[in-house]
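Novice: here is my input; please provide its structure:
(chains A and B)
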Protein chains: 2
Amino acid sequence: MITLTDIGEFGFIQRFSENFKKNLPDGFEGIGDDCAIMPYNNDEVFLITTDMLVEHQHFLPDKIKPVELGYKSLAVNLSDIAAMGGTPVSAFLSLGIRPNTSLDWLDDFFRGLKHLADESGTLLLGGDTAKVTSSSVVNIAVVGKCSKKNIKRRSEASSGDVIVVTGFLGDSGGGLKVIQDDLPVTLDTEHLTKRHHLPRPHIEEGMFLSSFPEVTAMLDISDGISSDIRHIMNSSGVGAKLEIDKLPLSTQLKNAGADHRWDLTGMALNSGEDYCLLATIKRDKYYALNTAFNEKFNRPLHAVGEITESGHLEYLIHGEKMRSTGSGFDHFQRSRK
Amino acid sequence: MITLTDIGEFGFIQRFSENFKKNLPDGFEGIGDDCAIMPYNNDEVFLITTDMLVEHQHFLPDKIKPVELGYKSLAVNLSDIAAMGGTPVSAFLSLGIRPNTSLDWLDDFFRGLKHLADESGTLLLGGDTAKVTSSSVVNIAVVGKCSKKNIKRRSEASSGDVIVVTGFLGDSGGGLKVIQDDLPVTLDTEHLTKRHHLPRPHIEEGMFLSSFPEVTAMLDISDGISSDIRHIMNSSGVGAKLEIDKLPLSTQLKNAGADHRWDLTGMALNSGEDYCLLATIKRDKYYALNTAFNEKFNRPLHAVGEITESGHLEYLIHGEKMRSTGSGFDHFQRSRK
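Specialist: You can find the predicted model right below:
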């Protein structure tokens, strides 16, 4: 019997995506990007995304506080809206919980959810609840909107484009390591666990970048850049070079990494859930755009590589080719590839 | 410690609905009806609903075929769209599954889902997958649309309105009993299990009824009429009388009920998942509307009671008052009320 384990998450998506894509009317786009698209009005479209978080798989109940879980459950969805250049409008929560869940836990969960909803202007409009007997499940669907001319897809990158990221890489993975290894609390490790539990969706950054036609493709970093860049490669039919000595690392990650002898490059490349944005920019416009970004956000876009014609993903260190160090996280397969 | 068990599903909704309802901009409506409402264009609104089905809670894996589960997961959502008078546009599937799930199972699940999606004109636009280690979880969110002037809410019923249902009551509950008690397969019991596993969302009926201003309130019967009528009572600030000798029972339910000595009245009142529609109609327009319904669908609307001023739910048998026989299903409480 062939099971999901045999084909993995991407195999699953490939096999069943055919159920979703066929014969869509004009203006509709299905799976294959961060959000689905539905027609709205002459100038705007609706973006829709949904994410399911499962206890013990996506979060550890004795490690994440309910207020953080409420926040994070919405954040990962808002990040998908941001990745296409949109703004969130409304959210729908489905909560599968054990009957012995305390009201205090639920109050805290909703406080975290509501905090980010209010901060991001997302209306909590509806949902469902169900009883589970083992792992809790949080599913959120978010509807957003985006100016038609500003939508950024994964499919429009072309050879020569500069690959940039809007934030540090590996912080969330470092935070997960702190949690898993139960490392001592320092200012550094605390910063990393906070990045893991309370990732900030880059909505403002996404809106800003989406307003420039020279930004050719965009997505959010959820599985790790080494995995996420492949979505752009596959959708755009291009290759990519990543310069691993240019991956932006936070001071806190460097400090904790030095203390605990972490493979920081592997972490920055392969650990997921940083939820900053990965974009490709026409080379001749990169300098001006970076300057504008810096002026607006008071920090740079980090150039980490270049789109190529090759169809392959290459890693460079100080300009020299090197071997791959892994490729992101697959939820269904037995181990990391 | 106060837990969910102590306050029940409706207590839960009451406690946390405040997180959802506050300060909504014009044109938005949150929880409190079958769907949330979002502005679309001058003539239409968007309807959004989501339902989470959990293995062992909402379905038994060795009793329901995957093709039926795929169908039913979408059907329960389409029923919510139908309940407000809308038509479905798109659906988003989140699937929490065990890694050892066979591809055959998944193929069948998607076949059932796709069948109803195609039949109802619903576009499968996106979703998410997650690994679970115990019970599978299916969450579907559906976006529909509805003409603004036709939206039917729970809140507009008034004293004197006739209460009608668009189909037989108790068939799904009978089917569940056949499954739970492992009763012999006959034409009758097979019909009932089919009604339990493949409920037909009353989209056409909902659209038809919603086009008449004399239909004052509408919802779908998901928890049992004795429970669902209370949503109209609470939202509209009214009471209701249900005439239990008028509850429409299918021949198959009567036959199986006679064979197995079922409490058919209890089943028709309190068992859920029939997914036909419950509507209230201005008394002076009921006769003409029933005639029109009959002409279109070749079967009658079943009048089962009347909206009253009292604020209470009363049961009548042959015109005489009787005691309640229960009130629907609560997912979190220890036993039926």
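
Novice: in which helix or strand does residue A:288 reside?
Specialist: In this structure, residue A:288 sits in helix A:283-297 according to DSSP states H and E.

Novice: nope, residue A:305 is what I meant
Specialist: According to DSSP H and E, residue A:305 maps onto strand A:302-308.

Novice: got the angle between that strand and helix A:283-297?
Specialist: Counting by axes from the mean of the first three to the mean of the last three CA atoms, to 10 degrees, strand A:302-308 points 160 degrees away from the direction of helix A:283-297.

Novice: contacts for the next helix or strand after strand A:302-308, please.
Specialist: Under the assignment DSSP H and E, the closest C-terminal helix or strand after strand A:302-308 is strand A:313-317. Defining contact as CB atoms under 8 Å, 6 or more residues apart in numbering or on different chains, one finds that strand A:313-317 is touched by A:226, A:229-230, A:233, A:239-245, A:269, A:305, A:308, A:321-325. Using the backbone N, CA and C atoms, a C-beta is placed for each residue, glycine as well.

Novice: give me that answer again for 10 Å
Specialist: With contact meaning CB atoms under 10 Å, 6 or more residues apart in numbering or on different chains, strand A:313-317 is reached by A:226-227, A:229-230, A:233, A:239-246, A:265, A:269, A:305-306, A:308, A:321-325, A:327.

Novice: restrict those to those near chain B?
Specialist: Checked against chain B using CB under 10 Å from any CB of the partner chain, the contacts of strand A:313-317 give no members in range.

Novice: re earlier: distance from the chain centre to the helix holding residue A:288, please.
Specialist: Using CA atoms, centre = their mean, to the nearest Å, we find the averaged C-alpha position of helix A:283-297 to lie 22 Å away from the chain's own average C-alpha position.

Novice: show me what that helix is packed up against.
Specialist: Under the contact criterion of 3 or more CB pairs under 10 Å, 6 or more residues apart in numbering or on different chains; DSSP states H and E, the helices and strands touching helix A:283-297 comprise strand A:162-165, helix A:203-210, strand A:215-220, strand A:277-281, strand A:302-308.

Novice: now the buried members of the contacts of strand A:313-317.
Specialist: For the contacts of strand A:313-317, a neighbour count by 16 or more other CB atoms under 10 Å in any protein chain shown gives the buried set as A:226-227, A:229-230, A:233, A:239-244, A:265, A:269, A:305-306, A:308, A:327.

Novice: among those, which ones are in strands?
Specialist: Using DSSP state E, the subset of those located in strands is A:239-243, A:305-306, A:308.

Novice: just send these back as TSV, with pLDDT too.
Specialist: Rendered in TSV, the data for these read as follows (pLDDT from 0 to 100):
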residue	pLDDT
A:239	97
A:240	98
A:241	97
A:242	97
A:243	97
A:305	97
A:306	97
A:308	97
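
Novice: can you pick out the most distant pair from these?
Specialist: A:239 and A:243 (14.1 Å; CB to CB).

Novice: end to end, how far does stretch A:275-294 reach?
Specialist: The first and last residues of stretch A:275-294 sit 19 Å apart, counting by CA to CA, to the nearest Å.

Novice: for it, buried residues please.
Specialist: Judged by neighbour count (16+ other CB under 10 Å), stretch A:275-294 contains these buried residues: A:275-282, A:285-286, A:289-290, A:293.

Novice: closest to chain B among these?
Specialist: The closest of the buried residues of stretch A:275-294 to chain B turns out to be residue A:275 (CB to the nearest CB; 15.2 Å).

Novice: how about the secondary structure of the most centrally placed residue in chain A?
Specialist: For chain A, the residue lying nearest the average C-alpha position, counting by CA atoms, centre = their mean, turns out to be residue A:222 (3.0 Å). For residue A:222, the assignment made with DSSP: H, G, I helix; E, B strand; the rest coil gives coil.

Novice: could you find the closest non-adjacent residue to it?
Specialist: Spatial nearest neighbour of residue A:222, chain neighbours left out: residue A:272 (5.5 Å); criterion: CB to CB, 6 or more residues apart in numbering or on different chains.

Novice: for that neighbour, phi and psi?
Specialist: Dihedral angles of residue A:272 (phi, psi; degrees, to the nearest 10) stand at phi -100, psi -170.

Novice: equivalent analysis for the one 3 residues further on, please.
Specialist: As for residue A:275, its main-chain torsions (degrees, to the nearest 10) stand at phi 60, psi 30.

Novice: need the contact list for it.
Specialist: By CB under 10 Å, 6+ apart, the neighbours of residue A:275 are A:72, A:75-76, A:78-80, A:82-83, A:166-167, A:172, A:195, A:199-202, A:220-222.
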